[in-house]
Each structure stands twice: as structure tokens, then as C-alpha cells.
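Novice: Provided below for reference: sequence and predicted model.
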Amino acid sequence: MEGSRAAALRTGLLFAGLEEADLAEIGRLAVPVEFPAGGHIFREHDEARGFYLVETGTVKVYKLSSGGREQVLHHVGRGEAFGEVALFAGRTYPASALALTPARLLFFPKSAFLSAIAAKPALALNMIGTLAMRLRSFAALVEALTLKDASSRLAAYLLELAERKSTSYQGKSYLDLEMKKGELASRLGTVSETLSRAFRKLKEEGLIEVEGSRVIILDMEGLKRISGAPQKG
């Protein structure tokens, strides 16, 4: 199995804990495919023939309202799977997927992968774990869109990103936004102008500094207060 493919399979939760021989067998099921930046991998209601795992690049999974407004459901990076819900529920994809950057993906045909799950209980448990995490993410998204304003949603996103990818120095957390601000606005269920006002509000309250695509968190507890996250004490 190619080194980059093996590394991608080991990275995510889906194949965590599998023996090397099992990973090699799973890898043989995968069909490598590539998409340019801006290329659609599938659209909502397309026939679901299988799911994908990201080897390199970033993919956006989203839905469009009847009025054409986009709501980003999640961004998917190396080692993460998407489209897997369609393996078990329905014959079509429930959302659309688009490559934000040039992306190399591994496509797993539905019938072959379901056979692998039947033979490997550990793989079935991992799949349940990934679907449970996705469900929790969707529940948080619904809560944010219905109960929180743009500043609260932005604060929550920055906290989540800081937990995953920040570096700390002298009491400050430094993080780089994973996407352009237009994409971030779509993910947070708002528009660019409202997102800019939310950034300005957090900056004026002394919670963050912004340097292009870099955000410096000055007051983590203050961000938690704005986001509605539980406070210490």
C-alpha cells in the first residue's frame, strides 16, 4: 500500500486500531480519485455508490436552501471520511461535497465496504463512532444557528479551532483560520458583512486580535463567556 494512502488511513478515527494486515486489505478496496479546487465530488440527491476519505486537500460538505443560500455542514481534511451516512441510510447523498483545494481522495465502493464491515466488527464499531461524532457536530450546529448570534457562533468556532490547532506563547493562543472568511461566514450561517462585525466586536472587547488570516486569542475565558460555553468555577 502506498505510503501516503496508508498514512491517510491511519490518521482518522474510522480505521483506528486496525492491524496492518487489515489496513492493507481495506486499502485494496479504495479507488484513488482526484479533484481540482472547485470541483464537485457529488451533489445532493446524487446516487450514493460509496463514500470518500481524504488523502490530501480539504473538502466542503454543504447544503443549499430553496433560495440558493449555502450552509456549510463541515470541512473535511486528511484522514477524514465523508458521504459515509449514505452507506446505511438512503440511496442518495443528503448533501453536496466540493473540493476547496486540489484534493486526492480514496473512494470506497458501497457493496465492497459493507462486506468488509460484516467481516470486521472493529471496523463496524469505528464507523458507529464516526457517525456519532457527526451527529453531535450537527446537533451543535443546529443549536448555534437557532439560539446564538453571529458573535457567539464565531467565538465557539475560534474555541474549537484553538483546541485543535493553536500554538500558545506568553498566555496567548495563536491560530490560523482554516478557510477564507467568505467560507467561514457560510459555515457559521451568516454573511461576510455580519461576520466582519462579529470579528470587530470580539476585537473591541479585548478578546482577540486579527492579523490577516491569523487570530490571536487574548482572553480564552472571555471567548467562552461569549460563546455560551461552561465557565470555570
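Specialist: Yep, it's here.
Novice: mind listing the strands for the chain?
Specialist: Here the chain has its strands, by DSSP state E, at 31-35, 40-42, 50-56, 59-64, 70-76, 81-82, 96-99, 103-109, 167-169, 172-176, 208-211, 214-217.
Novice: if you compare those strands, which one is most tucked away?
Specialist: Neighbour counts (mean count of other Cβ atoms under 10 Å) averaged over each of the strands of the chain peak at strand 81-82, with a mean of 24. Placement of C-beta: from N, CA and C, glycine included.
Novice: can you give me the pLDDT of the spatially closest residue to residue 8 that is not a sequence neighbour?
Specialist: Excluding the flanking residues, the one nearest residue 8 by Cβ to Cβ, 6 or more residues apart in numbering is residue 55, at 4.3 Å. With respect to pLDDT, residue 55 scores 92.
Novice: if we can go back for a sec, nearest to residue 185, of the strands of the chain?
Specialist: Proximity to residue 185 (Cβ to Cβ) singles out strand 70-76 among the strands of the chain, at 9.1 Å.
Novice: quick one on the thing from earlier: quick check, the residue nearest to residue 8 in contact with residue 102.
Specialist: No. Counting by Cβ atoms under 8 Å, residue 55 does not reach residue 102; the two are 11.3 Å apart.
Novice: residue contacts, the residue lying closest to residue 149 once chain neighbours are set aside?
Specialist: Spatial nearest neighbour of residue 149, chain neighbours left out: residue 198 (8.0 Å); criterion: Cβ to Cβ, 6+ apart. The contact partners of residue 198, by Cβ atoms under 8 Å, 6 or more residues apart in numbering, come to 149, 150, 151, 153, 154, 190.
Novice: how many neighbours does the second one have?
Specialist: Applying other Cβ atoms under 10 Å, we find 20 residues neighbouring residue 150.
Novice: what about the helices in this protein?
Specialist: Assigned by DSSP state H, the helices in the chain fall at 3-11, 20-29, 110-119, 121-147, 150-165, 181-187, 192-204, 220-227.
Novice: how close does residue 116 sit to residue 55?
Specialist: As judged by Cβ to Cβ, to the nearest Å, residue 116 and residue 55 stand 18 Å apart.
Novice: in a markdown table: the strands of the chain, plus distance to residue 185.
Specialist: Listed next are the strands of the chain as a markdown table, based on distance: least, Cβ to Cβ, whole Å:
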| stretch | distance to residue 185 |
| --- | --- |
| strand 31-35 | 23 |
| strand 40-42 | 21 |
| strand 50-56 | 23 |
| strand 59-64 | 12 |
| strand 70-76 | 9 |
| strand 81-82 | 21 |
| strand 96-99 | 16 |
| strand 103-109 | 22 |
| strand 167-169 | 25 |
| strand 172-176 | 17 |
| strand 208-211 | 15 |
| strand 214-217 | 15 |
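Novice: of the ones you listed, which is nearest residue 182?
Specialist: Evaluated over the strands of the chain, closeness to residue 182 peaks at strand 70-76, with 10.1 Å, by Cβ to Cβ.
Novice: what does stretch 202-217 rub up against?
Specialist: Surrounding stretch 202-217, the residues in contact under the criterion Cβ under 8 Å, 6+ apart are 151, 154-155, 158, 162, 166, 172-177, 180, 199, 218-219, 222-223, 226.
Novice: and that stretch, how far out from the chain middle?
Specialist: The chain centre lies 23 Å from the centre of stretch 202-217; the measure is Cα atoms, centre = their mean, to the nearest Å.
Novice: mind checking the end-to-end distance for that stretch?
Specialist: With Cα to Cα, to the nearest Å as the measure, the first residue of stretch 202-217 is 10 Å from its last.
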